[in-house]
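Peer 1: the following block contains a protein sequence and its predicted model.
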Amino acid sequence: NAGVTQTPKFQVLKTGQSMTLQCAQDMNHNSMYWYRQDPGMGLRLIYYSASEGTTDKGEVPNGYNVSRLNKREFSLRLESAAPSQTSVYFCASSDARGGTEAFFGQGTRLTVV
Amino acid sequence: AQSVTQLDSQVPVFEEAPVELRCNYSSSVSVYLFWYVQYPNQGLQLLLKYLSGSTLVESINGFEAEFNKSQTSFHLRKPSVHISDTAEYFCAVNPGGFKTIFGAGTRLFVKA
């Protein structure tokens, strides 16, 4: 049981380049999330998808787009990368809202130069 | 809106000593409370959670946390730490929707 799988694990981009981070979960969860983790700031929600076919902005959505491709997959796209987007990105999934546990992928370490 | 404050960014402690990682939150509504742990180069894993009922919750590896509504706190404790407990610990709150708010994290460093 793989849980939540993210690709790639590491990426270096030049300013202005675009890329898509992929995330897939095999737990049949309805909700999926993208977070970024920066030192001293914890995790901040970028976008989430409450269920297949819906997406909503989180705390820090600017510069990002998402696609809920199907129930398993939720991708995050950077259209024109900026150095401020250097971060570790985590995908997570959960069965429902509120008090349920979120399961996290291992993260993508992105550096924008 | 909700917020979470983890009062210590780093906590060094000797092996077999007790430890407390402090977490305070702010919310105008009732919230669910969580502690997650992140080992180096890994994602976060749930350590324990408080939803309702008994204010003291325990994890399988000896950690416990107590919900204190009057002080809006959810401190994490362990009576005797091991080297393997070295990790970053995140306190988090959720008011019942899809947005979980995480604290900045506390790095626990257990020394031999």
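Peer 2: Good, I have the coordinates. Numbering: from 1, shown residues only, chains lettered A, B, ... in the order given.

Peer 1: only C-alpha atoms from now on, for both contacts and neighbour counts.
Peer 2: Will do.

Peer 1: count of neighbours near A:Gly40?
Peer 2: 11 (other CA atoms under 10 Å in any protein chain shown).

Peer 1: now the helices: where do they sit in chain A?
Peer 2: Assigned by DSSP state H, the helices in chain A number zero.

Peer 1: mind checking how far the residue positioned nearest the centre of chain A is from chain B?
Peer 2: Most central in chain A under CA atoms, centre = their mean is A:Trp34, positioned 2.8 Å from the mean C-alpha point. The gap separating A:Trp34 from chain B is 11 Å, by CA to the nearest CA, to the nearest Å.

Peer 1: can you name the residues bridging to that residue?
Peer 2: A:Tyr47, A:Cys91 (DSSP bridges).

Peer 1: OK, contacts around A:Val4?
Peer 2: Going by CA atoms under 8 Å, 6 or more residues apart in numbering or on different chains, A:Val4 touches A:23-26, A:91-93, A:103-106.

Peer 1: for it, give me the pLDDT.
Peer 2: A:Val4 is assigned a predicted lDDT (pLDDT) of 96.

Peer 1: that one pairs with what?
Peer 2: A:Gln25.

Peer 1: what does chain B put close to chain A?
Peer 2: Counting by CA under 8 Å from any CA of the partner chain, the residues of chain B close to chain A are B:9, B:32-33, B:41-46, B:51, B:90, B:94-105.

Peer 1: narrow these to those in strands?
Peer 2: B:32-33, B:44-46, B:90, B:94, B:101-102 (DSSP state E).

Peer 1: from the residues you listed, which is closest to B:Glu20?
Peer 2: B:Phe90 (13.0 Å; CA to CA).

Peer 1: wait, doesn't that closest one sit right on B:Thr100?
Peer 2: No. The criterion here is CA atoms under 8 Å, and B:Phe90 misses it with B:Thr100 at 11.6 Å.

Peer 1: show me which of the two is the more surrounded one.
Peer 2: B:Phe90 (27 against 24).

Peer 1: got a list of contacts for stretch B:99-112?
Peer 2: A:39-45, A:58, A:98, B:2-6, B:8-15, B:21, B:81-94.

Peer 1: rewinding a little: OK, contacts around the residue nearest to the centre of chain A?
Peer 2: A:45-48, A:76, A:89-92.

Peer 1: now these as a markdown table including pLDDT and distance to A:Lys9?
Peer 2: Formatted as a markdown table, the contacts of A:Trp34 follow (pLDDT from 0 to 100; distance: CA to CA, whole Å):
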| residue | pLDDT | distance to A:Lys9 |
| --- | --- | --- |
| A:Leu45 | 95 | 19 |
| A:Ile46 | 97 | 18 |
| A:Tyr47 | 97 | 19 |
| A:Tyr48 | 95 | 20 |
| A:Leu76 | 98 | 14 |
| A:Tyr89 | 97 | 9 |
| A:Phe90 | 96 | 10 |
| A:Cys91 | 97 | 12 |
| A:Ala92 | 95 | 15 |
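
Peer 1: B:Lys111: how many residues sit nearby?
Peer 2: Considering only other CA under 10 Å, B:Lys111 is surrounded by 14 other residues.

Peer 1: what pLDDT does it get?
Peer 2: 96.

Peer 1: distance check, it against B:Leu7.
Peer 2: 21 Å (CA to CA, to the nearest Å).

Peer 1: who's in contact with A:Leu78?
Peer 2: Per CA under 8 Å, 6+ apart, neighbours of A:Leu78: A:18-20, A:63-65.

Peer 1: I appreciate the help and will end here.
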